[in-house]
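Visitor: Kindly return the folded structure for what I paste below:
(one chain, ligands or ions: 1)
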Amino acid sequence: FSISGDCFVPNKIKLVVCKDSSAAALDAAGRIAVIVRERSTPVIGLATGSTPETVYAELVRLHREEKLSFRNASTFNLDEYVGLPSTHAQSYRAFMQAHLFSQIDVLPWRTHLLDGTAALPALECEAFEKRILAAGGVDLWLLGIGGNGHIAFNEPGSPVDSRTRIVALTPETIAANSDGRFFSDPAEVPRAALTAGIATIREARRVVLLATGAKKAAAVAAAMKGPFTESCPASLLQDHADCTFVLDEDAASLF
Ligand code: PGA
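Guide: Numbers count the residues shown, from 1 in each chain. All right, here's what the predicted structure looks like:
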């Protein structure tokens with residue numbers, strides 16, 4: 001289905017507020033670990049950005065110290081920049097290799113990222129959706145949120161029924177990603193990305209959105225308390241059957 005304008009749905013999002021960003025990351029990592037331990041062939045959706053870095057550090061610790069094994073797990077990442085080869089330090093493939101994949105026992109061929117250098121992006125996106133289906137769907141998708149409410153590279157205005165596709169980055173997102181954490185000059189940031197769609201994300205059996213810091217407070221409040229609207233992509237999780245927002249106190253400060 002698709003929606004026009006704003007509407008109100010019964011908000012089913014569960015809220016967990018932790019005292020600080022580390023506690024929030026540990027909570028989110030624990031939720032992933034439960035799925036990895038419970039399912040015989042767990043399928044985990046992953047995100048990049050600053051927020052999940054501590055989550056991945058905790059998953060690595062659980063692997064090393066508490067025998068958490070990813071041997072039977074498959075992973076799917078939300079997005080990838082168009083034009084960056086996997087060898088580029090700022091590609092999301094390189095981020096995932098550095099922060100997680102190279103430090104756990106996941107099998108390389110079960111780590112799925114969109115290929116930003118694919119000659120035919122539409123086919124690449126279609127193949128990604130098929131790989132999710134073939135894996136049996138995503139058990140849990142870890143998400144971040146942009147200051148403008150985006151999830152993955154689904155910027156405000158992204159249709160609720162959107163699927164994996166090529167999108168243009170907004171000036172806001174380009175600025176956020178060139179503040180020195182990832183790129184230091186806006187000119188270096190790719191202008192387009194391949195991203196899982198809102199419908200792709202909504203189909204995950206469980207969604208965990210992790211947000212920390214005061215910069216996310218307005219977007220979190222809009223997603224949680226505002227209307228179900230494509231103007232705030234994260235609000236399109238309100239009617240998901242199993243979605244939890246894991247926040248620190250700063251991100252929850254506008255409630
Ligand atoms: P961040 O990005 O974790 O780097 O803040 C989150 C996002 O834009 O989804």
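Visitor: Strands of the stretch 51-200 of the chain, residue ranges please.
Guide: 74-77, 79-81, 111-112, 140-143, 165-168, 192-195 (DSSP state E, counting those that start in this stretch).
Visitor: Which neighbouring elements make contact with the last one?
Guide: Translated: strand 192-195. strand 79-81, helix 121-134, strand 165-168 (3 or more CB pairs under 8 Å, 6 or more residues apart in numbering; DSSP states H and E). To be clear about C-beta, it is placed using only N, CA and C from the backbone, and glycine gets the same treatment.
Visitor: right, so those: which one is the most enclosed?
Guide: strand 79-81 (a mean of 25; mean count of other CB atoms under 10 Å).
Visitor: Show residues contacting it.
Guide: Strand 79-81 has contacts (CB atoms under 8 Å, 6 or more residues apart in numbering) with 48, 90-93, 113-116, 152-153, 189-190, 192-196.
Visitor: Read off the pLDDT value for the residue in the stretch 101-250 of the chain that the ligand sits nearest to.
Guide: Closest to the ligand within the stretch 101-250 of the chain is Gly144: 3.2 Å, counting by CB to the nearest ligand atom. Looking at Gly144, its pLDDT stands at 98.
Visitor: again with the one 4 residues further on
Guide: Asn148 carries a pLDDT score of 94 in this model.
Visitor: Contact partners for it?
Guide: By CB under 8 Å, 6+ apart, the neighbours of Asn148 are Glu155, Pro156, Thr170, Glu172, Thr173, Ala219.
Visitor: rerun that using 10 Å as the cut-off
Guide: Contact partners of Asn148, counting by CB atoms under 10 Å, 6 or more residues apart in numbering, are 155-156, 170, 172-173, 176, 218-219, 222, 231-234.
Visitor: which two from the residues you listed end up farthest apart in space?
Guide: By the measure CB to CB, Ala176 and Ser231 form the most distant pair in the contacts of Asn148, at 18.0 Å.
Visitor: Which of these two has more residues huddled nearby?
Guide: The neighbour comparison of Ala176 against Ser231 (other CB atoms under 10 Å) goes to Ala176, with 20 against 15.
Visitor: contacts for the helix or strand of the chain with the lowest mean pLDDT?
Guide: One helix or strand of the chain scores below all others by mean pLDDT, DSSP states H and E: helix 171-176, with a mean of 91. Helix 171-176 is touched from outside by 49-50, 146-148, 150, 153, 155-156, 167-170, 182-183, 186-191, 193, 215, with contacts defined as CB under 10 Å, 6+ apart.
Visitor: Tell me which stretches of the stretch 101-250 of the chain form helices.
Guide: For the stretch 101-250 of the chain, the helices defined by DSSP state H, counting those that start in this stretch occupy 121-134, 171-176, 198-202, 217-225.
Visitor: Might you calculate how far the longest one sits from the centre of the chain?
Guide: Averaged C-alpha coordinates place helix 121-134 at 17 Å from its chain's average position (CA atoms, centre = their mean, to the nearest Å).
Visitor: elements contacting it?
Guide: strand 74-77, strand 111-112, strand 165-168, strand 192-195, helix 198-202 (3 or more CB pairs under 10 Å, 6 or more residues apart in numbering; DSSP states H and E).
Visitor: who in the stretch 101-250 of the chain is up against the ligand?
Guide: Contact residues, the stretch 101-250 of the chain versus the ligand (CB under 6 Å from any ligand atom): Gly144, Ile145, Gly146.
Visitor: Mark which of those residues are buried, thanks.
Guide: Gly144, Ile145, Gly146 (16 or more other CB atoms under 10 Å).
Visitor: Distance to Pro121 added to these, as TSV?
Guide: Listed next are those as TSV, based on distance: CB to CB, whole Å:
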residue	distance to Pro121
Gly144	23
Ile145	25
Gly146	22
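Visitor: Around Glu172, how many other residues sit close by?
Guide: Quick note: Glu172 (other CB under 10 Å) scores 14 neighbours.
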